[in-house]
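> when you get a sec, could you give me coordinates for this:
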Amino acid sequence: MLLPVLISFLILPFSALALTQDFCVADLSHGDTPAGYPCKAIAGYLKLCFYYHGLAAAGNTTNLIKAAVTPAFVGQFPGVNGLGISAARLDIAVGGVVPLHTHPAASKLLFVTQGTILAGFISSSSNTVYTKTLYKGDVMVFPQGLLHYQYNGGCSPAVALVAFGGPNPGLQITDFALFANNLPSAVVEKVTFLDDAQVKKLKSVLGGTG
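Residues are numbered from 1 along each chain as shown. Model prediction:
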């Protein structure tokens, strides 16, 4: 009987805060916190805080993975601070790939606007793989924190718009986490079951040491 009452009192302050403030434009001069950035004092430039043109231009795909992600996270688009949303643009050249990665702080919705994208994610409980070939107009959801990937399986560049359920979804690419740092090769070999030559090759490609 007391538990519902206690929960109500715990939730009430946060509900009241949400009702008394329409928005909280991020003050990027201060550090991010689990609750987001502190609010910026608002001046005449207010309308600019709720507008971002950064997704209009194609990303540079002349790189190792032949893909580019252009973010509209809170760091680029302060107006999304505290609103539980953000966005990005994904460009993938022919043969390009976004390797296995995860967004620890948000679920993701991907909407294909051009080309063909092969995408999938892996469940955490049974390691079941859910894959789909996506065409222009298709949408796919990727649950928060699950490993997933996208690659261009077509004959032309692919473009997608991405929506996230958080202002700063985070990103960790598995290959870079393993091979682009100074984790000793002997440790990487143990945790990946790869041999020394394979590990050193991948470290060399991705810029790792150790």
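> pLDDT below threshold where in this structure?
1-20, 42-47 (pLDDT under 70).
> what does the host helix or strand of Ser204 contact?
In the assignment (DSSP states H and E), Ser204 maps to helix 196-206. Under the contact criterion Cβ atoms under 8 Å, 6 or more residues apart in numbering, helix 196-206 has outside partners 64, 175-176, 178-180, 185, 188-189, 192, 194, 208-210. Using the backbone N, CA and C atoms, a C-beta is placed for each residue, glycine as well.
> out of those residues, which is most surrounded?
Neighbour tally across those (other Cβ atoms under 10 Å): the maximum, 23 neighbours, falls on Phe179.
> next, give phi and psi for that one.
With angles defined as degrees, to the nearest 10, Phe179 shows backbone torsions of phi -120, psi 0.
> now swap in Thr133 and tell me
The phi/psi pair for Thr133 (degrees, to the nearest 10) is phi -90, psi 120.
> that one reaches Gly154, doesn't it?
No: using Cβ atoms under 8 Å, Thr133 is not in contact with Gly154, being 9.2 Å away.
> who has more neighbours, the two?
Applying other Cβ under 10 Å to Thr133 and Gly154 shows that Gly154 carries more neighbours, namely 17 against 12.
> re the thing from before, who touches both of Thr133 and Gly154?
Thr116, Ile117.
> can you map out the strands along the chain?
Using DSSP state E, the strands assigned to the chain run over residues 67-72, 86-92, 97-102, 108-114, 117-122, 129-134, 139-142, 148-152, 158-164, 172-173.
> angle of the second one against strand 148-152?
Using axes from the mean of the first three to the mean of the last three Cα atoms, to 10 degrees, the direction of strand 86-92 lies 40 degrees away from that of strand 148-152.
> pull the residues that contact strand 86-92.
54-55, 58-59, 61, 66-74, 77, 80, 98, 106, 110, 115, 117, 150-152, 157-164, 166-169.
> buried only: go through these for me.
Burial by neighbour count, judged by 16 or more other Cβ atoms under 10 Å, picks out 55, 59, 61, 66-68, 70-74, 77, 80, 98, 106, 110, 115, 117, 150-152, 157-164, 166-169 from the contacts of strand 86-92.
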